[in-house]
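>>> can't give you the sequence, but here's the structure:
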């Protein structure tokens, strides 16, 4: 059997020699152990000594020990940076220091991790706790004081080693649902303190989920590749369902050999599960072997945050954003990050000459060591022509490129694209003005489709006439893949809207003239002497709330906003005197629309 010829040589970081010897062993357990050893060697050689899992205490108490998300899951525009620990559907579970150290950073934000603590540990790592409901009392008092001193709800405080030292197992906070959270849980990370590189806590044995379920392999996609005027063109030539024949061993549903051309790559669609939950999880490792020789490996041991957006290159982005599964590209593209590929031979691209057949094996492993494999045969055929508008404009990812369409332009800096592409910028007819929602002030302009992700922000400029009354409320909007308008910011000056954005899709100028809404969740003059909080229902119809200021008796007080729940909450101080108190809540959205609510309560 003849080995496929491989094209476009690009070798990433090579794994130890034992990786190449691995597949001479036929015993699955031996193979798995060898991969584990190689992974630890690669981790230590590339990034220093791996932390000792015995150093760490479990970070949350009084929970069943189930999970809702795994480390490194592929999400639109980022890898998931930690593990999500279920808190049994409730808030208020005790969070404890994983090891001796000190609280080095305290953050409060309506988005992202919400209320978060960063604990610098003595072993050279930092533990991160996200989506907290409240900090322990002394930390809470310090944060409240700093917020009111600075009159800022969103705050990021850096602490010295003597401010909040902690011992292993010491209470530091209570679990919650703050920030960009869709349900009560703890987002938990371990990072290297010196580099802030976040680590795969499950693979390192720091977190040990109950999991004896191997990844489920769902579909295989084959993309044939051609190069036209230096631009790679990928065409989907085959999609095959995958079926399980024996436990953890799969084949293609169509048992006939899969025809492939002289140059292409595979994309694996797969999902992982864990015991006791219905959540879907990401994969840790995927390896491609041709005739028994490994030619490609993707592995998720950790990353720095400037590498997180490269998930758009590690995945097949158009598939990834539409599926509930992971769509892992078993090859590298020009703009991929080498850190995720310990083994790459000629970019993982494979091809077969007409009349030749080859054995393919794809191994998929989760971070608990459970492994599934897909085996099938490919046969070579002649290259098929790939439709391409070769007269279109080239966007070279290595150079800054400005695209023009009518009164609009889009400038892509070098490195913004993951691959060079052909584009044909165009001005489209304006859509009918909706009865509700933002006012549309320009035609639509199409530069990049929603299926083209960006690593860096592009600069958009659109010349449009905007009535004077609407100018303070003007923003760029993008029509996403669901046909919805999404705000993208920007400023309007001298007849031109300018914005920087990583969003792609049809672009247009709109004005958001609708102010945020406020509804108190208490009656006017209500007796709140037994209440712990002052609560409001708040929302905005388009550009989003950017400013929230609450005053009691004319004094600015801290107020937490929970966008996912649509609430704003102030924790009442025990020092608030009995009697009637006047309340004023001010909100402003990203387009400058303001709302004010005034009322009172008694204490």
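Received the coordinates, thanks. Owing to the predicted nature of the structure, the values given are computational and were not obtained by experimental measurement.
>>> For the helix or strand where residue 601 lies, what does the pLDDT average out to?
For residue 601, the host element (DSSP states H and E) is strand 594-602. Average pLDDT, strand 594-602: 98.
>>> Check which helices and strands it sits against.
strand 517-520, strand 526-527, strand 580-589 (3 or more C-beta pairs under 8 Å, 6 or more residues apart in numbering; DSSP states H and E). No exception for glycine: its C-beta is placed from N, CA and C like everyone else's.
>>> out of those, deepest packed?
Relative to the other members of the helices and strands packed on strand 594-602, strand 580-589 carries the highest mean neighbour count by mean count of other C-beta atoms under 10 Å, namely a mean of 18.
>>> how about the helices of the stretch 301-450 of the chain, start to end?
311-314, 317-320 (DSSP state H, counting those that start in this stretch).
>>> Would you format those as CSV with distance to residue 441 and mean pLDDT included?
Conversion of those to CSV gives the following (distance: least, C-beta to C-beta, whole Å; pLDDT from 0 to 100):
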stretch, distance to residue 441, mean pLDDT
helix 311-314, 31, 97
helix 317-320, 30, 94
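>>> Mean neighbour count for the ones you listed - can I get that in JSON lines?
Listed next are those as JSON lines, based on neighbours: other C-beta atoms under 10 Å:
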{"stretch": "helix 311-314", "mean neighbour count": "24"}
{"stretch": "helix 317-320", "mean neighbour count": "20"}
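>>> Including distance to residue 286, could those go into TSV?
Compiled in TSV, the helices of the stretch 301-450 of the chain are given as follows (distance: least, C-beta to C-beta, whole Å):
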stretch	distance to residue 286
helix 311-314	10
helix 317-320	14
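>>> Tell me which of the helices and strands packed on strand 594-602 sits nearest to residue 81.
strand 580-589 (28.8 Å; C-beta to C-beta).
>>> List the buried residues in stretch 371-382.
Going by neighbour count (16 or more other C-beta atoms under 10 Å), the buried part of stretch 371-382 is 371-374, 376, 378-381.
>>> returning to that earlier point: distance from the chain centre to the strand holding residue 601, please.
What separates the centre of strand 594-602 from the centre of its chain is 37 Å, taken as C-alpha atoms, centre = their mean, to the nearest Å.
>>> Contacts for it, please.
Counting by C-beta atoms under 8 Å, 6 or more residues apart in numbering, strand 594-602 makes contact with 515-518, 520, 522, 524-529, 534, 536, 579-588, all of which sit outside it.
>>> make it 10 Å
Counting by C-beta atoms under 10 Å, 6 or more residues apart in numbering, the neighbours of strand 594-602 from elsewhere in the structure are 514-520, 522-529, 531, 534, 536, 538, 540, 545, 547, 549-553, 572, 578-589.
>>> In it, which residues are buried?
By neighbour count, and taking 16+ other C-beta under 10 Å as the criterion, the buried residues in strand 594-602 are 595, 597, 599, 601.
>>> ok, which pair from the residues you listed is furthest apart?
Longest distance between any two of the buried residues of strand 594-602 is 19.2 Å, between 595 and 601; criterion C-beta to C-beta.
>>> Which parts of the stretch 301-450 of the chain are strands?
Assignment of strands within the stretch 301-450 of the chain using DSSP state E, counting those that start in this stretch yields the ranges 302-303, 326-329, 343-344, 357-365, 371-380, 393-395, 401-405, 408-412, 421-423, 426-428, 439-440, 444-446.
>>> Quick one: closest of those strands to residue 312.
Go through the strands of the stretch 301-450 of the chain one by one with C-beta to C-beta and the one that ends up closest to residue 312 is strand 326-329, at 10.2 Å.
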